[in-house]
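Visitor: Okay, sequence plus prediction incoming.
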Amino acid sequence: MSKPIVVIGAGICGASCALWLRRCGHDVLLLDKSEPGMGASYGNAGLLAQWALVPVNEPSLWRNIPRYLIDPMSPLFVKWRYLPKLTPWLFAFLKNATSATSSQTSQALVPLLSDAVEQHKSLTKGTKAQNWIADSKFSYAYRNRAAFEQDAAGWAIKSAAGMTPEVLTGSEVQDEEPICGPMIQCLAVLSGQGHIQNPHGYVQSLVNAFEEMGGKFIQADVIDFERDGDGLRAVITKRGRIKCNKAVVTAGIWSKPLATKLGLKVPLETERGYHVMYKSPSEMPRNPMMMTIGKFSVTPMADGLRCAGTVELGGINLGPSKAPIRLIRRRVSELFPNLTYENSKEWMGFRPSTPDGLPLIGEIAQSGIFAAFGHQHVGLTGGAKTGRLISDIISQRIPNIDMSPYDPNRYAAR
Ligand SMILES: Cc1cc2nc3c(=O)[nH]c(=O)nc-3n(C[C@H](O)[C@H](O)[C@H](O)COP(=O)(O)OP(=O)(O)OC[C@H]3O[C@@H](n4cnc5c(N)ncnc54)[C@H](O)[C@@H]3O)c2cc1C
């Protein structure tokens, strides 16, 4: 029997890599320390965010940081006792908050994100997972037109990538989205977008489809790699050794210790994010929206209204905080004053973020081990294409986009 390609981590990136590799005829073993889709891919906002081309560390961050740190209604939170561990990443992250770097990052995100809806449709074609994809519009909801105009720099980047909004004001706002209360007086609406109606169910369906195509999933926690002069020999798990010559690391934020073993010094940090899921809501938005007041998104999902966002810097070991959830709840009641619901659930997840805002996609040196992690705020969006790119590279087809911005070896330890 041929040795399988081992894919480590069954979030959206791992599920997509596994499915595309299997479709290309490879023998594939997908591993996860838990069940599929229980990491960041579980509770994200479900947005196929083709428009999310402006990195978090864009130049205005410098201007906004002081306000973010003192304003209790700001969407940025810091666990101060984590600061010493955070410092190397934070330093590099802030160093990249320049016009030049931010613009390079945006340009590099375009080929990864801007056809995401099509990529997800290709990924799921002929599988039950396609039922979770909804075609939708996407709106940025503003306090007023002036607030929209203040966002001109971000809209210029989106427009350059072909996404120009229709701007609605006054009563047009409530005609478009009746859920919006009077605090919202301007919507910038993008057509031709899409979202996932149950991100966890989506990943599970992808893994089911992979298994139906002859792929194998097992629960196993990867702790190391066995290598010799000829390359990869095996992946070492807590359950034993799995022989293989090729592996793909798709372990989200948990990729960092594995990458370190492979000679990469990736300053991967988590931007913790939260959601509140409102069950049986009295009303839903017709389409997903980004509430610029509070910087969180609202997504109509199969099982309720998901309000997700905030950034908390605090690593992966400290428990969840109350303040981000309080903020989301308070903003929801202000922005949607007529919303009632039966009950609600809260969740925290770990976005895997690099200081340059770009994921690592490609082979690590010439090790036979490939990286596909570090997708920060847009892993669901870029996950489908990432799987296809990895499958192309392993199948020795040259990807039709410039892969150099995502080269994992930019973080090779020196
Ligand atoms: C609040 C919030 C909202 C978001 N909204 C969006 C959105 O709307 N659109 C979007 O595109 N992105 C969004 N994101 C970001 C997105 O969720 C992530 O970028 C994406 O889920 C990362 O996927 P992944 O497959 O790389 O990692 P994960 O989903 O975290 O999966 C990693 C998997 O690896 C497994 N694993 C870890 N270590 C090991 C090991 N040693 N051995 C075996 N298995 C291992 C884990 O159990 C896990 O299942 C959001 C994130 C948050 C927190």
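Guide: Yep, that arrived. Numbering: from 1, shown residues only.
Visitor: got the residues of the stretch 201-350 of the chain near the ligand?
Guide: With the criterion set to Cβ under 6 Å from any ligand atom, the stretch 201-350 of the chain comes near the ligand through 221-222, 250-252, 254, 273-275, 308, 349. For glycine as for every other residue, the C-beta is placed from the backbone atoms N, C-alpha and C.
Visitor: Mind putting the residues you listed into CSV with secondary structure and pLDDT?
Guide: As requested, those are exported to CSV (DSSP: H, G, I helix; E, B strand; the rest coil; pLDDT from 0 to 100):
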residue, secondary structure, pLDDT
221, coil, 98
222, strand, 98
250, coil, 98
251, coil, 98
252, helix, 98
254, helix, 98
273, strand, 98
274, strand, 98
275, strand, 98
308, strand, 98
349, strand, 98
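Visitor: Drop anything exposed from the residues you listed.
Guide: Among those, those classed as buried by 16 or more other Cβ atoms under 10 Å are 222, 250-252, 254, 273-275, 308, 349.
Visitor: quick one: the helices in the stretch 1-150 of the chain?
Guide: Listed in chain order, the helices found in the stretch 1-150 of the chain under DSSP state H, counting those that start in this stretch are 12-23, 40-43, 60-70, 83-95, 99-113, 116-124, 145-150.
Visitor: cool, and the stretch 301-414 of the chain?
Guide: Taking DSSP H, counting those that start in this stretch as the criterion, the stretch 301-414 of the chain carries its helices at 323-335, 379-394.
Visitor: can you list the weak-confidence ranges in this protein?
Guide: Per-residue confidence of the chain (counting by pLDDT under 70) places the weak regions at 1.
Visitor: Identify each buried residue in stretch 60-71, please.
Guide: Judged by neighbour count (16+ other Cβ under 10 Å), stretch 60-71 contains these buried residues: residue 61.
Visitor: With adjacent residues omitted, what lies nearest to residue 8?
Guide: For residue 8, ignoring the flanking residues on the chain, the nearest one in space by Cβ to Cβ, 6 or more residues apart in numbering is residue 222 at 4.8 Å.
Visitor: And residue 301, by the same measure?
Guide: The shortest distance from residue 301 to any non-neighbouring residue, by Cβ to Cβ, 6+ apart, is to residue 197 (5.3 Å).
Visitor: do the same with residue 401
Guide: What sits nearest to residue 401 in space, not counting adjacent residues and going by Cβ to Cβ, 6+ apart, is residue 111, at 4.1 Å.
Visitor: how near is the one you found to residue 228?
Guide: Relative to residue 228, residue 111 is positioned 36 Å away (criterion: Cβ to Cβ, to the nearest Å).
Visitor: can you check residue 309 too?
Guide: For residue 309, the distance to residue 228 under the criterion Cβ to Cβ works out to 46 Å.
Visitor: Comparing these two, which residue is more hemmed in?
Guide: Under the neighbour definition other Cβ atoms under 10 Å, residue 309 and residue 228 were set side by side, and residue 309 has more, 22 against 7.
Visitor: thought that one was touching residue 292?
Guide: No. With contacts defined as Cβ atoms under 8 Å, residue 309 does not count as touching residue 292, sitting 10.8 Å away.
Visitor: contacting residues for residue 308?
Guide: By Cβ atoms under 8 Å, 6 or more residues apart in numbering, the contact set of residue 308 is 43-45, 273-276, 296-297, 299, 328.
Visitor: now with 10 Å?
Guide: Taking Cβ atoms under 10 Å, 6 or more residues apart in numbering as the criterion, residue 308 is in contact with 43-47, 199, 273-277, 296-299, 328, 347, 349.
Visitor: for residue 297, same thing?
Guide: Neighbouring residues of residue 297 by Cβ under 10 Å, 6+ apart: 44-47, 49, 138, 140-141, 195, 275, 285, 288-291, 306-309.
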